[in-house]
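In: Fold the stuff below for me.
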Amino acid sequence: MTVRDTSRLTAPARRVVAADVTTGPVDVDALAAAVADAAAGAVVTFGGVVRDHDHGRPVTAIEYVAHPDAGAVLARVVADVAGRSPVDAVAVVHRVGPLGVGEAALGVAVSAAHRQEAFAVAALLVDEVKEHLPVWKRQVFADGTHEWVNCA
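Out: Numbering: from 1, shown residues only. Next comes the predicted model:
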C-alpha cells in the first residue's frame, strides 16, 4: 500500500540529473546544486573520500579501474533507485583512475520533500552503487605494497 504525501503540491519528479563514471574530479557541491528543486525541502549529499588508512595500515593512494560497462550499470542502478523512491532529483558520480588521500571517489546528491526520504535514498544509492558497479580498487600502502579490493 502506497501512502500519498499530502504535504506535496505535485508528485515527486524522480529525475536523474547525473549518473556518470568519470576520470575528472567529483564536485559534491555541484551535484547538490544540480538536484535543487522548488519542491524539495531537503538536499542530502554524500562524498566518499579517500582516507589515509585501511584495516590499520596507512594508505597513500588508490586507483579505481572500471569495467567498460560501468557507465551503463551506474545509469541503470540510479534510474532504478530514483524510480522507486519519493525523490525530486538524484545525481551520482563515481571517479576512476588514480586518487590521492582526501579526493572524492563517489559523489551522491538527493533532493526530496522531506529529510527522511533524502537521507534514506542517499544511503540506498551508496549501497546499491557499491554492490552493483563493476569498479575495482587498488590501494597503495605506505610501505610500497598494494592490494586489490572488491575483486570477484
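In: My reading is that Ser7 lies in a strand. Confirm?
Out: No - according to DSSP: H, G, I helix; E, B strand; the rest coil, Ser7 belongs to no strand; its state is coil.
In: who touches it in this structure?
Out: Residues near Ser7 by Cβ atoms under 8 Å, 6 or more residues apart in numbering: Ala113, His114. Just so you know, the C-beta spots here come from the backbone N, C-alpha and C atoms, and that holds for glycine as well.
In: ok, it to Pro86 distance?
Out: Distance of Ser7 to Pro86, computed by Cβ to Cβ, to the nearest Å: 11 Å.
In: Quick check: neighbours shared by those two?
Out: Common neighbours of Ser7 and Pro86, counting by Cβ under 8 Å, 6+ apart, are Ala113.
In: Phi and psi next, for Val135.
Out: Backbone torsions of Val135, given as degrees, to the nearest 10, read phi -130, psi 140.
In: residue contacts, it?
Out: Counting by Cβ under 8 Å, 6+ apart, Val135 touches Val21, Tyr64, Val65, Ala66, His67, Ala70, His94, Val96, Asn150.
In: Mind checking which of the residues you listed land in helices?
Out: Among the contacts of Val135, the residues falling in helices (DSSP state H) are Ala70.
In: In strands only, show me the contacts of Val135.
Out: Val21, Tyr64, Val65, Ala66, His94 (DSSP state E).
In: Strands of the chain, residue ranges please.
Out: Going by DSSP E, the chain shows strands at 15-22, 42-49, 53-54, 57-66, 89-95, 97-100, 104-112, 135-141, 146-149.
In: so can I have CSV of the ones you listed showing distance to Ala118 and mean pLDDT?
Out: As requested, those are exported to CSV (distance: least, Cβ to Cβ, whole Å; pLDDT from 0 to 100):
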stretch, distance to Ala118, mean pLDDT
strand 15-22, 14, 98
strand 42-49, 4, 98
strand 53-54, 29, 96
strand 57-66, 26, 97
strand 89-95, 10, 98
strand 97-100, 26, 98
strand 104-112, 4, 98
strand 135-141, 25, 96
strand 146-149, 29, 94
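In: so which of those strands comes closest to Val78?
Out: Of all these, strand 15-22 sits nearest to Val78, with 3.9 Å by Cβ to Cβ.
In: buried set for the closest one?
Out: Buried residues in strand 15-22, counted by 16 or more other Cβ atoms under 10 Å: Val16, Val17, Ala18, Ala19, Asp20, Val21.
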